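Here is the input, now give the coordinates:
(one chain, ligands or ions: 1)
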Amino acid sequence: MRAKKSLLLLLALLCALAMIAGSWLAGSWRARAELQQQGLRQLQLMAPDLQSLLQKYETLPFVLGFQPDLIEALARPSDRAAITRLNSTLQTIQQQAKVGAIYVMDRDGLTLGASNWDQPLGFVGKNFSYRPYFDAALHGRAGRFYGIGTSTSEAGYFIAQPVYRNGSAGGPVTGVVVVKISLAEFERTWSSSDDAIVLADRSGVIFLSNRPGWIYRSLGPLDADTERQLAHTQQYMGQRITPLSGQPDLYATQPVGQLGWQLMLFPRQTRVLRAGLQWASAATLLLACVALSGWAVHQRRRRLEERSASRAALQQAAAELDDKIVERTRQLRTTNQHLENKYAKLQETEHLLRSTQNELVQAGKLAMLGQMATGITHELNQPLAAIRAFADNARIFLERGQGEQVAGNLGHISEASARMGAIIGQLKGFARKDETMAAVDLAASVRASAFLLESEFRRHDVRLEIDAADGLKVTGDSVRIEQVLINLLRNALDAVESGERREVAIRLARDGDHALVGISDSGAGIPEQVAAHLFEPFFTTKPSGKGLGLGLAISSSIVQAMNGQLTAHNQAGGGARFELRLPLQQGA
Ligand code: ADP
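Numbering: from 1, shown residues only. Down below sits the predicted model:
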């Protein structure tokens, strides 16, 4: 695609170059044609001038042939007076006619008289028989010739006519009269021209030109014949004629005169060059315009294409976005559905957990009841036995009529039954399943818990120290709180049971806006590996039948439910210490 594009570009460039070159050529060609036409017109104006200049004197030698002085001088060449007359006549006529020179030769070519007889380079006494015009005139024809004068070295046009003996044509020829016309004046008119103007002879030798360097050069190489003839006639006085090199091929030419001359004009090449340049620049400009507008159109089309492409891309992106949104919505809906399902399951599980927890709490309570059963039985047995003993004694006292003693025994019985009632009352509340939230007096709870375990402590000979500050109230369920306290006291009892020192202390105090119940014992403390699992359900170090491992787990969850905290640590002086922190009721 890229290669194709650059190939096209190269082709376009080549085309443009070809067009520019073509314009150059066309411009040059047109300019050449125009220049040639112009040159021709110019030559057509110039040629008649030259023609008339040449023709003006055409008849002069002919007329001179009838001049008596000429005829006479030729008839008597040794007559000095006749020669003198001839010379003066020729000089007068030359001055009148304004020609270069007029002279008369005898049949041998010897000049008898000349208009320039009195000048140092005068022709008199010179022989010009080698000149072709002499030969022609001698044979009765008009002789015409252009050449450089052998004595004066001045170029000129020679016209010769025969002179007849009696001045009548057809008679014997006694001599030749020649008029030499200078073309220098004519040549001078060319000097103002920019273009090269030349006059060349039949053989192509330039003998007149406004380019001095071109004179006596030939337009083409000369053949041997011509060279020989030139040498013989001394036409150009032995000048070496060399071909002109590098002359322009653009010229106009016009034949002139009777000697096969060519009047030529070589227009200045720079004009052709300038025209070519103008045409080429016009073409370049035009091409540049075309290229520029083409480029603009191309740019515009590209911009439109880009715009439509970006619009399409935008539309596609929008469509993709829509698809994505739809897909995402679908995914979200599914996820939501999953979540809802999970939530429902979670709720179910939570429900299950709650009921399980309740059951566990209940189970814990029952377990504790089981553990306390021995103590309680013992506790109830004692007053029961006492009641029976008091009742038996009272009957004896009644039989004996000792009414006072009977009343005393009845009082004891009443006391003992009241104590039993108190114990049972505690147990009844403890075993209750439902939960009631109310203000709980912690000191009362501490005392009630201690009371339930009193006999146990006593049986194991463990000293229980109770120190409960009054008036600390928390919101909760008294039974649950007591369940926790009993559990902690029981654990403490278990911990000291087999030790040397058997001491357990329960202390209730205020700690900021919390109530703090501390239960410390003189046991072995909590081993490190146990501490990590202390509050885990079913974790126990006690033999089976004695511990379920539920006590601390349940207690902890009860305390947490009341926004409290249950912690345990070993004391510096030995033994474990459990701390129960519960938020105090506001205003308490
Ligand atoms: P259980 O009493 O049925 O074993 P708990 O949850 O009440 O269950 O107690 C868990 C464990 O914590 C006990 O088995 C015991 O190892 C340890 N523990 C509890 N209280 C104390 C304490 N006062 N001193 C030393 N260890 C204790």
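
can we go C-alpha only for contacts and neighbour counts from here?
Noted.

a helix runs through residue 361, doesn't it?
Yes - using DSSP: H, G, I helix; E, B strand; the rest coil, the assignment for residue 361 is a helix.

Surely it and residue 554 touch.
Yes - assessed by C-alpha atoms under 8 Å, residue 361 is found in contact with residue 554 at 6.1 Å.

okay, these two: which has more neighbours?
residue 554 (26 against 22; other C-alpha atoms under 10 Å).

how about the more buried one, secondary structure?
At residue 554, secondary structure determined by three-state DSSP is helix.

Could you shift the numbering so residue one becomes 44, and keep it that way?
Sure thing, new numbering starts at 44, so read that last one as residue 597.

Do I have it right that it meets residue 401?
No - contact criterion C-alpha under 8 Å: residue 597 and residue 401 do not qualify, at 9.5 Å.

Count the neighbours of the spatially closest residue to residue 598 that is not a sequence neighbour for me.
In this structure, residue 598 finds its nearest non-sequential neighbour in residue 527, 5.0 Å apart by C-alpha to C-alpha, 6 or more residues apart in numbering. A count of nearby residues for residue 527, using other C-alpha under 10 Å, gives 24.

where's residue 527 relative to residue 237, distance?
Here residue 527 is placed at a distance of 137 Å from residue 237 (C-alpha to C-alpha, to the nearest Å).

And residue 226, by the same measure?
Residue 226 sits 20 Å away from residue 237, going by C-alpha to C-alpha.

Any residues of the stretch 494-631 of the chain in contact with the ligand? List them.
Proximity of the stretch 494-631 of the chain to the ligand is confined to 534-535, 538, 568-569, 577, 582-585, 590-596, 619 under the rule C-alpha under 6 Å from any ligand atom.

Can you say which of those are buried?
Buried residues within these, defined by neighbour count using 16 or more other C-alpha atoms under 10 Å: 534-535, 538, 568-569, 577, 582-583, 590-596, 619.

Take those residues and keep only those in strands.
Judged by DSSP state E, those include residue 619 as members of strands.

Burial check on residue 49, number of neighbours?
Using other C-alpha under 10 Å, residue 49 has 11 neighbouring residues.

name the element it belongs to?
Here residue 49, judged by DSSP states H and E, is contained in helix 45-99.

since we're on residue 460, how many residues are nearby?
If you count neighbours by other C-alpha under 10 Å, residue 460 ends up with 17.

sorry, back to before: give me the buried positions along the helix or strand just after the helix holding residue 49.
Next along the chain after helix 45-99, taking DSSP H and E as the criterion, comes helix 103-107. Using 16+ other C-alpha under 10 Å as the test for burial, helix 103-107 gives 103-105, 107.

For these, give me TSV that also has pLDDT and distance to the ligand.
TSV is the format used below for those (pLDDT from 0 to 100; distance: C-alpha to the nearest ligand atom, whole Å):
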residue	pLDDT	distance to the ligand
103	91	169
104	91	170
105	90	172
107	90	174
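
Around the ligand, pick out the residues from this protein.
So far as C-alpha under 6 Å from any ligand atom goes, the chain lies against the ligand at 534-535, 538, 568-569, 577, 582-585, 590-596, 619.

if we can go back for a sec, residue 226 and residue 237: which has the busier surroundings?
Ranked by neighbour count (other C-alpha under 10 Å), residue 226 and residue 237 place residue 226 first, with 19 against 11.

check contacts around that one.
198-200 (C-alpha atoms under 8 Å, 6 or more residues apart in numbering).

Filter the residues you listed down to the ones in strands?
198-200.

from the chain's centre, how far out does the lowest-mean-pLDDT helix or strand in the chain sit?
One helix or strand of the chain scores below all others by mean pLDDT, DSSP states H and E: helix 446-474, with a mean of 79. Remark: helix 446-474 is offset 105 Å from the chain centroid, using C-alpha atoms, centre = their mean, to the nearest Å.

Check which helices and strands it is in contact with.
Counting contacts by 3 or more C-alpha pairs under 8 Å, 6 or more residues apart in numbering; DSSP states H and E, helix 446-474 packs against helix 312-442, helix 485-502, helix 521-539.

buried sites along the second one?
For helix 485-502, burial by neighbour count (16+ other C-alpha under 10 Å) applies to 485-500.

Likewise for stretch 188-205?
The neighbour-count check on stretch 188-205 (16+ other C-alpha under 10 Å) flags 188-193, 198-205 as buried.

From these, which land in strands?
188-191, 198-205.

Tell me the one of the residues you listed nearest residue 94?
Nearest to residue 94, judged by C-alpha to C-alpha, of those is residue 200 at 12.1 Å.

Next, residue 514: secondary structure please.
Classification of residue 514 by three-state DSSP places it in coil.

Identify the bridge partners of the residue nearest to it when sequence neighbours are not counted.
If the residues on either side of it in the chain are set aside, residue 514 comes closest to residue 484, at 6.8 Å by C-alpha to C-alpha, 6+ apart. Beta-bridge partners for residue 484, by DSSP bridges, are residue 516.

I'd say residue 484 and residue 512 touch.
No - contact criterion C-alpha under 8 Å: residue 484 and residue 512 do not qualify, at 10.2 Å.

any weak-confidence spans in the chain?
Scanning the chain for pLDDT under 70 picks out the ranges 210, 407-419, 421-422, 468-478, 587-588, 630-631.

what residue lies at the spatial centre of it?
The centre of the chain sits closest to residue 349, judged by C-alpha atoms, centre = their mean, with a distance of 15.5 Å.

Could you check how far that residue is from residue 595?
Here residue 349 is placed at a distance of 77 Å from residue 595 (C-alpha to C-alpha).

on that earlier part again, my read is that the residue nearest to residue 598 contacts residue 596, right?
No - applying C-alpha under 8 Å as the test, residue 527 and residue 596 come out as separate, 10.1 Å apart.

Count the neighbours of residue 446 for me.
Residue 446: 13 neighbours (other C-alpha under 10 Å).

hang on, isn't it packed against residue 440?
Yes - Residue 446 sits in contact with residue 440 when judged by C-alpha under 8 Å, with a separation of 6.8 Å.

start to end distance for stretch 281-300?
24 Å.

Next: stretch 511-523.
OK, stretch 511-523 end separation, C-alpha to C-alpha: 18 Å.

Just the buried residues of that stretch, please?
For stretch 511-523, the neighbour count (16+ other C-alpha under 10 Å) marks 511, 515-523 as buried.

Repeat that for stretch 87-96.
Buried residues in stretch 87-96, counting neighbours by 16+ other C-alpha under 10 Å, are found at 87, 89-90, 93, 96.

Closest to residue 624 out of these?
residue 87 (140.7 Å).

Excluding chain neighbours, give the residue nearest to the closest one in space.
Spatially, and ignoring its direct neighbours in sequence, residue 87 is nearest to residue 297 (7.1 Å; C-alpha to C-alpha, 6+ apart).

Am I right that the one you found falls within a helix?
No - applying three-state DSSP, one finds residue 297 to be strand, outside a helix.

my guess is it meets residue 86, correct?
Yes - in this structure residue 297 lies within contact range of residue 86 using C-alpha under 8 Å: 6.4 Å.

between the two, which one's more packed in?
Legend: neighbour count by other C-alpha under 10 Å for residue 297 and residue 86, higher for residue 86 (21 against 18).
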